[in-house]
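Sequence isn't available, so here's the structure alone:
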């Protein structure tokens, strides 16, 4: 894989990482506001607040997973292993990496994994 493409992907990954961190910080601030803004309320309001907290937590866990994948991709760049499928070792097509810069597997291996997990 050419160095210009890998550098472009590295910059894309760093930008994604920054965006996710900003989102998580905003989510945590939202979460704090919800908790601090809670007054003694009736059960329906308390249930609604609980749902809001759980949604923020779920968003946070999804974003944390993406953050880990991005960090893994950045590590693979440093190890000169970026763009290689972790299952079969084949080169992941550039189009796939442009769509999902933190992709771990080629399309064939990812499809096979998804079939197994159904």
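Sure, I can see it. None of these values were measured; they are calculated from a predicted model.

When you work out contacts or count neighbours from here on, use the C-alpha atoms and nothing else.
Fine.

how much space between residue 19 and residue 74?
Going from residue 19 to residue 74 by Cα to Cα, to the nearest Å gives 15 Å.

Mind checking which of those two has more residues around it?
Legend: neighbour count by other Cα atoms under 10 Å for residue 19 and residue 74, higher for residue 74 (21 against 14).

in which helix or strand would I find the more buried one?
For residue 74, the host element (DSSP states H and E) is helix 43-78.

For whichever helix or strand comes after that helix, which outside residues touch it?
Counting by DSSP H and E, the element after helix 43-78 in chain order, helix or strand, is helix 94-99. Residues from elsewhere that reach helix 94-99, judged by Cα atoms under 8 Å, 6 or more residues apart in numbering: 9, 83, 103, 106, 107.

ok, now which ones touch the last one?
Translated: residue 107. Residues near residue 107 by Cα under 8 Å, 6+ apart: 92, 96.
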